[in-house]
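**Student:** Sequence plus the predicted model coming up.
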Amino acid sequence: MSDLMQGLIQGFGSIFTPVLLLYMLVGTAFGLILGALPGLQGSMGMALMLPFTYKMDALTALVFLLSIYTGGLFGGAITAILINTPGSPANLATVLDGYPMTKNGQSSRAMGIALFCSVVGGLFGCICLVALMKPLAVVSLKFGPAEMFMVAVFGLTVVGSLSKNVLKSIFAGLFGVLIGTIGINSIGTMRGTMGIAYLYDGVPLVSALIGFLALPEIFDMVIKNKISSESAGDSSLKGIFQGFKDSIKHPFLMLRSVIIGVCVGIMPAAGASIATLVSYNMSKQFSKEPDKFGTGIPEGVIASETANNASEGGSLATMLVLGIPGSTSTAMLIGAIMLQGWAPGPRLFIDHSDVIYASMSSLFLQQIIMLILGIGLCYYGRKVISLPTKYLIPCITMFTIVGAFSGRMVLFDVGLMVAFGIIAWFMKRNDFPLVSVVLGVILGPLADANLLRTYQMYSDNMWMIFTRPITLGLALLALASVFLPIIMNARRKKKIAIEY
Amino acid sequence: MEAKKIRRILDIVVLPTAILLWSAWYVFGIKGAAFKDLILIKPIFFLMAILYVINGYTDFRAIPKAESEQKVIKKGLVLFIIGIICYLVLLSYIGFILCTLAFMVYSLWILQVRSKVLLIALPVIFTIVLYVIFKIGFAVPLPSGFMPF
C-alpha cells in the first residue's frame, strides 16, 4: 500500500504540467460534448483520437483518452435529462427521473444533480480503484458464463419496477430481449435477420436507443409547443446549484450507489449500464416513497448517475490489473497501451508503474475539470430546451439521423431507427414503458451468449450452476429484486389499512 | 359502438398482436435451429404469450373506465414522418447537404414556421454545423449524391 501511495503522490507531481493540463481540458470537453450529442458516445471520441495517440508519449496518451472517457460518462446524462435519450447505456436509468424533472420544469436542477453525483461517483470510484484495485480484479476473474448470465438476469429484473403496470413492462422488456438477440449467435445460427446482411451483427444499439427513446418524444413534440413548462425567467445556475444541494442532502444514497457502482463495474461487459440500473432499482426498493420514482425526483437521478461514474473505478481496475477490457472504452485504453508497444496486464505495474500511477492520479483531477466544464454545459443545455419546439424538432431530428448513421456509416441503421421510433410511439400510446424495451435490447445479447456458454459447460445438469456461490448469490438477488417490492408494497398497504 | 371505443379496442389488439406474431415468426422461423439456439428465446416467447393474454384481458376490462384521451395521430405528425422517410430514400441520390436543407425547410414549414429569414437561415446554418462536425470533424462519410462534396 505504501508503494501505491508513493506512486500516486509522484504521479500527481507528474500531471501538473501545462501540456497535460491542456490535454485533460480538451479531452474532458471533447468527451462531454460527444456524450451530449444524440447517437454519439465518449467511446467514439476515444476511437477517433486513438490513432493520434501513437505520436504521443504514453502518459499523455492515457491521460487524454481517460479524459474523454470521463467526460463522456457525464455528457450522456445531458441528453438523457433534456430529450429522454441516454447518451450511452450507462445513462439509461437517468432518463427515468431526469426527463420527468425536465417536464416538471426542473431541467437545471436535474442536470445539477447529475453533474454533482457524477463527480462524487467518479472521485469515490477512483479512491476504490486505488485502494481495492487488486482484490477487485481478482474477484472479476471469478465471473464465468453462469455468473454473467445471472448478472444479465439480475439487470433484467429491474424491468418489473420501471412502470406501474408491471406486466406490460415485462412484456416490453421481453420484446427488447428478442430484438437484442437478432443476428448470428455465437454458434453461427442466423436468427431473425430476414436475409438482411446489416442485421448479421445484431441490431445496432444506437438505432435502438434513439429509435425507442428519442423519436417518440420528438413525435410528441410535433404536437406540443414546448418540452417543459419552465419559464425563461428562471435562473439556470440557481437550478444547477440547487441540484448540488439536493445531492448533498442524500449522502447515504450516494454512498450506496458508489458501492454498487464499483462492485458491478468490475464485471466484464456489464459495467456502467447494469450498475446504473441496479442502483436505481435498489434505491427505489429501499425508499420510503417508491411510488414517486419515475415521476421526477432527485433520488432517481442521484442513484443512477453516482453509480455509473463509480463503476469507472471498478472497470479500470479489471483493465489495468488483468488487461481485460470490460467495455468499448476500456478496450480503447488497452489499444492505446498496445500502440505504445506495451503488453496490457499485471506487468504494467512492474514495468511502467510511474505512467500507470500518474494516469490514475489524473483521474481525480479530471473529475474537477468535468465539474467546471459541466456547469457550462448544463447552463447552455437548459437554454436549448426553452426554445420553441418548432425550431428544436428539425435540429434534434437531424442530429439523431446523423448520429445513427455515424455508427456503421449505413443508411439501414437510420431506417431501422425510424422504424423503431414509429413502433415505440404506438407502444407509448398503449402504456408500454420504452425503457424496458431498451433494457432488454442491451441485456438480451449478454444473457443469450452466456446462457449458451453455460449450457455448453453444464449440459448434463444445469442446476450445477447454483453450486457456484456468485451465481447463487446473484440468483437470490434477482429473486429478491422481483419479490421484495411486492412484499414491501403489501406490507405498506396493510400498515395503511391498519392506521385507518 | 362509439368511434373512440373502437379505436381503443384496435389500439389494445393491434400492436401487442403484431409484436407477438413477429415474436412467433422470429422464434419458430429460424432455419436449422437446434435446442441451443432457442434456449433463451423460446421460453421468452411463451412468457410473452401468457402476458399478452393477461394484458389484453386487463386492458379490455379497463375500456369503460378509461377517461384519458388517446393521443390522436395528427396530420402534422404524419407529414413529418413522411418527410423523414423521403429524406432517407433520397439521401444517397441527392446528397446530404441538399437533402438536409430541403428536409429542414419542409419540417419548419409543417411546424408552422413562416418567417422567411428563419426558413432560410436556420437550415443553412445548421446544415453547415452538422457538415463541419461530422464530415470534417469526425470524418463520417456523409452521402454526397451527385455533388462533389
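**Tutor:** Great, that's in hand. Not measured: the values here are computed from a predicted model. Numbering: from 1, shown residues only, chains lettered A, B, ... in the order given.

**Student:** C-alpha only now, for contacts and for neighbours.
**Tutor:** Fine.

**Student:** Give the buried residues for stretch B:119-129.
**Tutor:** By neighbour count on 16 or more other CA atoms under 10 Å in any protein chain shown, the buried set for stretch B:119-129 is B:119, B:122, B:123, B:124, B:126, B:127.

**Student:** Close to chain A as well: tell me which of the residues you listed qualify.
**Tutor:** Subset of these in contact with chain A: residue B:126, counting by CA under 8 Å from any CA of the partner chain.

**Student:** Check the buried residues of stretch B:119-129 and tell me the two furthest apart.
**Tutor:** The span of the buried residues of stretch B:119-129, defined through CA to CA, is set by B:119 and B:127 at 12.6 Å.

**Student:** which intervals of the chain have sub-threshold pLDDT?
**Tutor:** Picked chain A for this. Counting by pLDDT under 70, the ranges of chain A that qualify are A:1-3, A:38-40, A:136-137, A:161-162, A:225-235, A:268-270, A:326, A:384-386, A:485, A:499-500.

**Student:** nope, chain B
**Tutor:** Looking along chain B with the criterion set at pLDDT under 70, you get B:1, B:63-73, B:149.

**Student:** OK, contacts around residue B:20?
**Tutor:** Going by CA atoms under 8 Å, 6 or more residues apart in numbering or on different chains, residue B:20 touches B:45, B:48, B:49, B:52.

**Student:** Now do the second one against residue B:16, distance only.
**Tutor:** Yep, that's residue B:48 we're talking about. With distances taken as CA to CA, to the nearest Å, residue B:48 is found 10 Å from residue B:16.

**Student:** Likewise for residue B:45?
**Tutor:** Using CA to CA, one obtains 13 Å as the distance from residue B:45 to residue B:16.

**Student:** Contact partners for the residue in the stretch 1-150 of chain A that chain B sits nearest to?
**Tutor:** Going by CA to the nearest CA, chain B is nearest to residue A:48 of the stretch 1-150 of chain A, at 7.2 Å. Contacts for residue A:48 were tallied using CA under 8 Å, 6+ apart; they are residue B:138.

**Student:** what helix or strand is it on?
**Tutor:** With the criterion set as DSSP states H and E, the secondary-structure element containing residue A:48 is helix A:42-49.

**Student:** other SSEs contacting the helix or strand that that helix is followed by?
**Tutor:** Counting by DSSP H and E, the next helix or strand C-terminal to helix A:42-49 is helix A:58-83. Counting contacts by 3 or more CA pairs under 8 Å, 6 or more residues apart in numbering or on different chains; DSSP states H and E, the secondary-structure elements packed against helix A:58-83 are helix A:18-36, helix A:42-49, helix A:94-103, helix A:107-141, helix A:298-322, helix A:328-339, helix A:353-385.

**Student:** which bits of the stretch 151-300 of chain A sit near chain B?
**Tutor:** On the criterion CA under 8 Å from any CA, chain B has as its neighbours in the stretch 151-300 of chain A the residues A:167-168, A:171, A:174-175, A:178, A:185, A:189-192, A:219, A:222-223.

**Student:** Out of these, name the ones that lie in helices.
**Tutor:** Using DSSP state H to define helices, the subset of these located there is A:167, A:168, A:171, A:174, A:175, A:178, A:219, A:222, A:223.

**Student:** and the fourth one, how many neighbours?
**Tutor:** Just to be clear, that refers to residue A:174. Here the neighbour count serves as a burial measure; for residue A:174 (other CA atoms under 10 Å in any protein chain shown) it reads 26.

**Student:** okay but it is in contact with residue B:48, surely?
**Tutor:** Yes: taking CA atoms under 8 Å as the definition, residue A:174 is a contact partner of residue B:48 at 6.9 Å.

**Student:** Name the residues of the lengthiest helix in chain B that are buried.
**Tutor:** Longest helix of chain B, by residue count under DSSP H: helix B:3-28. For helix B:3-28, burial by neighbour count (16+ other CA under 10 Å) applies to B:8, B:11, B:12, B:16, B:17, B:19, B:20, B:23, B:24, B:26, B:27.

**Student:** surely the second one meets residue A:430?
**Tutor:** Yes: using CA under 8 Å, residue B:11 makes contact with residue A:430 at a distance of 7.0 Å.

**Student:** What angle do helix A:107-141 and the strand or helix carrying residue A:493 make with each other?
**Tutor:** Using DSSP H and E, the element containing residue A:493 is helix A:469-499. Between helix A:469-499 and helix A:107-141, the angle formed by their directions is 140 degrees, by axes from the mean of the first three to the mean of the last three CA atoms, to 10 degrees.

**Student:** is helix A:469-499 up against chain B anywhere?
**Tutor:** No: using CA under 8 Å from any CA as the criterion, no contacts between helix A:469-499 and chain B are found, and the smallest distance is 15.8 Å.

**Student:** All the helices of chain B, in order from the start?
**Tutor:** Assigned helices in chain B, in chain order: B:3-28, B:41-62, B:75-94, B:96-110, B:116-130 (criterion: DSSP H).

**Student:** Please point out which parts of the second one sit buried.
**Tutor:** Within helix B:41-62, the residues scored as buried using 16+ other CA under 10 Å are B:41, B:42, B:44, B:45, B:48, B:49, B:51, B:52, B:55, B:56, B:59, B:60.

**Student:** Would you mind giving the residues you listed as JSON lines with distance to residue A:206 added?
**Tutor:** Formatted as JSON lines, these follow (distance: CA to CA, whole Å):
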{"residue": "B:41", "distance to residue A:206": "22"}
{"residue": "B:42", "distance to residue A:206": "26"}
{"residue": "B:44", "distance to residue A:206": "24"}
{"residue": "B:45", "distance to residue A:206": "25"}
{"residue": "B:48", "distance to residue A:206": "25"}
{"residue": "B:49", "distance to residue A:206": "28"}
{"residue": "B:51", "distance to residue A:206": "28"}
{"residue": "B:52", "distance to residue A:206": "28"}
{"residue": "B:55", "distance to residue A:206": "29"}
{"residue": "B:56", "distance to residue A:206": "31"}
{"residue": "B:59", "distance to residue A:206": "32"}
{"residue": "B:60", "distance to residue A:206": "35"}
